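Novice: model this:
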Amino acid sequence: MNTIENKRLKGKVAVVTGASSGIGEGIALAMGREGASVVVNYNSNEEPAQELKKKIEAAGSQAVVVQADVANPEDVARMFKAACDNFGTVDILVNNAGIQRDASFLEMTLEDWNKVISTNLTGHFLCAQAAAKEFVKRRVQHEERKAAGHIIFISSVHDIIPWAGHVNYATAKGGVQMLMKTLAQELAPNKIRVNGISPGAIKTEINRSVWENEGGREGMLTLIPYGRIGEPEDVAKVAVWLATDEADYITGTTIYVDGGMTLYPAFSDNG
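Specialist: Residues are numbered from 1 along each chain as shown. The predicted structure follows:
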């Protein structure tokens with residue numbers, strides 16, 4: 001673990017949406033361990049969010065828990081107000097909150113389509129806009145090797161890999177990819193860096209029934225050339241790095257943390 005002297009995000013404030021479990025939890029904890037004060041967002045399950053707050057504080061950083069539905073503009077405004085009220089500002093947004101409501105295309109309801117698009121795409125837009133409005137208040141000279149703020153979108157390999165039976169989810173993730181790129185282009189003159197991370201198969205609660213089952217695990221591994229299923233920490237390490245000045249010349253880029261899933265392993269033997 002880093003000492004307090006070399007914590008790379010010391011003095012920064014990070015808002016992490018959907019931080020009560022899985023990848024979001026891993027990122028929030030990693031940023032806290034690197035010295036950031038963290039706004040731990042959750043929508044419906046407060047207990048794990050409060051437990052995460054304790055872990056961040058045990059690592060020597062500050063944290064506040066904020067309930068907010070990222071698809072609700074009033075909730076988003078309240079979350080960013082809480083960040084500024086508690087910590088004075090926001091430096092990093094990790095747009096992580098997401099849900100799945102799976103069904104075949106012919107059976108999918110409009111309600112399930114709208115719910116996933118609202119959370120996984122519109123929610124990312126609302127939070128990014130709130131963060132950017134805070135970031136543009138800063139005046140950072142273009143020759144300085146630091147950003148006025150960081151927006152990191154957590155997407156999925158399904159922003160480029162189609163996924164039958166999950167059309168709402170895949171469509172939202174594809175939209176996040178273009179949202180990220182367009183914001184990176186538009187906000188670059190303000191020295192705001194915008195990037196994405198697209199995880200592949202990661203061990204989280206949402207897929208626990210698959211990776212804990214031997215047959216499911218073996219099936220999942222056939223899609224991963226690197227030969228192991230990822231952990232939330234694999235994504236968290238990349239998110240931390242993207243938020244540091246070490247990555248200052250990177251914007252508009254998606255990093256695939258997927259063990260090679262996007263290499264289409266079915267074609268490894270010439271198809």
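Novice: distance between the ends of stretch 94-114?
Specialist: 22 Å (C-alpha to C-alpha, to the nearest Å).
Novice: brain fart, stretch 67-77
Specialist: Using C-alpha to C-alpha, the two ends of stretch 67-77 sit 12 Å apart.
Novice: how about it: buried residues?
Specialist: Along stretch 67-77, these residues count as buried under the neighbour rule (16 or more other C-beta atoms under 10 Å): Q67, A68, D69, V70, A71, N72, D75, V76. For the C-beta atoms, the positions are set from N, CA and C on the backbone; glycine is no exception.
Novice: please apply the same query to stretch 152-171.
Specialist: Within stretch 152-171, the residues that qualify as buried are 152-159, 161, 166-171, counting by 16+ other C-beta under 10 Å.
Novice: can you check stretch 136-149 too?
Specialist: Under 16+ other C-beta under 10 Å, the buried positions of stretch 136-149 are A147, A148, G149.
Novice: nearest to Y264, of the buried residues of stretch 67-77?
Specialist: The shortest approach to Y264 among those belongs to V70, at 32.0 Å (C-beta to C-beta).
Novice: can you tell me the helix or strand for the residue lying closest to that closest one once chain neighbours are set aside?
Specialist: Setting aside the residues directly before and after it, V70 is nearest to G123 in space (C-beta to C-beta, 6 or more residues apart in numbering), at 3.2 Å. Element membership of G123, judged by DSSP states H and E, is helix 123-135.
Novice: what about E57, distance to L29?
Specialist: In this structure, E57 and L29 are 11 Å apart, going by C-beta to C-beta, to the nearest Å.
Novice: between these two, tell me which one has more neighbours.
Specialist: Set E57 next to L29 and count neighbours by other C-beta atoms under 10 Å: L29 wins out with 23 against 13.
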